[in-house]
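Colleague: Sequence plus the predicted model coming up.
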Amino acid sequence: MSKRTLSLLTVLMLLALVLGACQQATATTVVTEVAPPAEADCADEATVCIGLVTDVGTIDDKSFNQSAWEGANAAAEELDAAKIEYIETKDAKDYATNIGLFAGQNYDIIITVGFALGGATIEAAAAYPNIDFIGVDQFQPTTIANVTGILFPEDQSGFLAGALAAMMSESGTVAAVLGTDLVPPVVAFNVGYANGAAYINPDITVIATYHPGGLDVAFNDPEWGATTARQAIDQGADVVFGAGGNTGNGALIEAASEGGAVYCIGVDSDQWETVPEAHPCLISSAMKLITPAVHAVILSSVNGTFTGGHYFGGAGLAPFHDFDAAIPQEVKDTLAEIDAALKDGSLTTGYVPGG
C-alpha cells in the first residue's frame, strides 16, 4: 500500500470520526420549550375578567368604542385584572352571540357599547345573573340589579357645539354630518347643536344630514361622511360638526381639506387626540366623558357598590388646543355662561327624549 493510499485512508477515517461525533452531539441535544402561561380562570372569584363588545365598527374608531375601551383598560390596570378582551361586532345580528362568548367563559364584567346593544344586554343579564353588565348609551326601562346603563347629556354638549359654531361662522351657515337617527344620542347631539346655533343667531342656517343606512353601516361610512360634508361646504357651510363614529370622522377630514377656510367640531371624545388629520379645522369636540364613566362603573362592580339602573356621565366641550388664540374671549365667556346655565337648569336645550 503506497503512502499516498495510506494518507487518503487516514483522512477518510478522521472525517468519519468527526461526523460521528457531530451526529452523537446532535442526538443528545435537549431543546427546552417554555410552556405558555395558563389561561385565567374567570370562574375563580379571585380573578377579575373584563370583556367589551363594540357596536358595529372597530375598537379604534377614534370615538365611542375607543373611549369605552380606554376606560375599561384604565380600570383593568388599576385592578390588576387577570384578563381583558374585546370583540368587534361586524354585523348587528351578532350582538347576542358576541356577548355570549364572554358570558359563557364566566367573565365578571361585560361592557356593551352603544344603544343598539341594549336589548341583547338585558337578555344576557337575565341569563347570567352573576355577571355585571355595563351598557354605554343604554337607557334602562326597569331597574335590573346586574345592569347599569351609562347615559350622557349629549344635547348639552351639542348645544355648546352649536353655539360655538354660530359664533365662529362668517357665512351664517353651519352643518352637521350625523349617524343614524335610530340612535337617540345622535338625535340629542343634533337637536342640541341646531338649537345652540339658533340661540346665538336665530337666522342661522343649519344643514343637518343623517346617514340613510341602518345600524350596520351608519357609523362606519367615512366616504359618505366626506361626501356629505363636501355638499354642505359647497352650499356655504363654514363649520362642520361630525357626529357619527367613523362616518363623522370622514366629515372632519373633508373639512380639514379646506386648508383652514372651514372649521370643524368633533364628537364623543377630544378628537384632537384621536383624529390628527382634522387638526387644520378642529376647534373643539362635543364630548361625552365615556372613558371616566366606564372606569368608575367597573370599579363599582369590583368594590361591591354596583347598582342596577343608570349612571350619569358628564359632557362638555373639549379644549380649543391650537385654536385657542383664534377663539375670541367673548366667545369663551359666552360658552362659559351657557355651560353654567345648562348645568343649573336655567337654560334648556329643547331636546325631549323620545320626542
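Modeller: Ah, there it is. Since we're looking at a predicted model, the values are computed, not measured. Residues are numbered from 1 along each chain as shown.

Colleague: Tell me where the stretch 151-300 of the chain has strands.
Modeller: For the stretch 151-300 of the chain, the strands defined by DSSP state E, counting those that start in this stretch occupy 173-178, 205-210, 239-243, 263-268, 282-288.

Colleague: Could you list every helix and strand that the shortest one packs against?
Modeller: When you say that, I think you mean strand 239-243. The helices and strands touching strand 239-243, judged by 3 or more C-beta pairs under 8 Å, 6 or more residues apart in numbering; DSSP states H and E, are helix 154-168, strand 173-178, helix 184-200, helix 222-234, helix 245-256, strand 263-268. For glycine as for every other residue, the C-beta is placed from the backbone atoms N, C-alpha and C.

Colleague: Assign a three-state SS to residue 85, would you?
Modeller: strand (DSSP: H, G, I helix; E, B strand; the rest coil).

Colleague: and the gap between the closest residue to it other than its chain neighbours and residue 100?
Modeller: Counting by C-beta to C-beta, 6 or more residues apart in numbering, residue 51 is the residue found nearest to residue 85 once chain neighbours are left out, at 5.5 Å. Remark: distance between residue 51 and residue 100 (C-beta to C-beta, to the nearest Å) = 11 Å.

Colleague: okay, the two: which has more neighbours?
Modeller: residue 51 (24 against 18; other C-beta atoms under 10 Å).

Colleague: Just list whatever residues bridge to the more buried one.
Modeller: residue 85, residue 110 (DSSP bridges).

Colleague: Go ahead and confirm it touches residue 82.
Modeller: No. The pair residue 51 / residue 82 is not scored as a contact, 12.0 Å apart, by C-beta atoms under 8 Å.

Colleague: Now do residue 151 against residue 103, distance only.
Modeller: From residue 151 to residue 103 the distance is 23 Å (C-beta to C-beta).

Colleague: Please identify which of the two sits among more neighbours.
Modeller: residue 151 (22 against 19).

Colleague: My guess is the more buried one contacts residue 309. True?
Modeller: No. Counting by C-beta under 8 Å, residue 309 is not a contact partner of residue 151; they are 10.2 Å apart.

Colleague: Residue 186 contacts residue 243, correct?
Modeller: Yes. Using C-beta under 8 Å, residue 186 is in contact with residue 243, at 6.2 Å.

Colleague: out of the strands of the stretch 151-300 of the chain, nearest to residue 305?
Modeller: strand 282-288 (22.5 Å; C-beta to C-beta).

Colleague: tell me what that closest one is packed against?
Modeller: helix 154-168, helix 184-200, strand 263-268, strand 315-317.

Colleague: what domains does the record give for the protein?
Modeller: 49-151, 154-287+320-344 (automatic domain parsing).

Colleague: is it possible to export the ones you listed to TSV including mean pLDDT?
Modeller: Below are these laid out as TSV (pLDDT from 0 to 100):
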stretch	mean pLDDT
domain 49-151	95
domain 154-287+320-344	97
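
Colleague: Could you save the ones you listed as a markdown table and add columns showing distance to residue 303?
Modeller: Formatted as a markdown table, the domains of the chain follow (distance: least, C-beta to C-beta, whole Å):
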| stretch | distance to residue 303 |
| --- | --- |
| domain 49-151 | 9 |
| domain 154-287+320-344 | 26 |
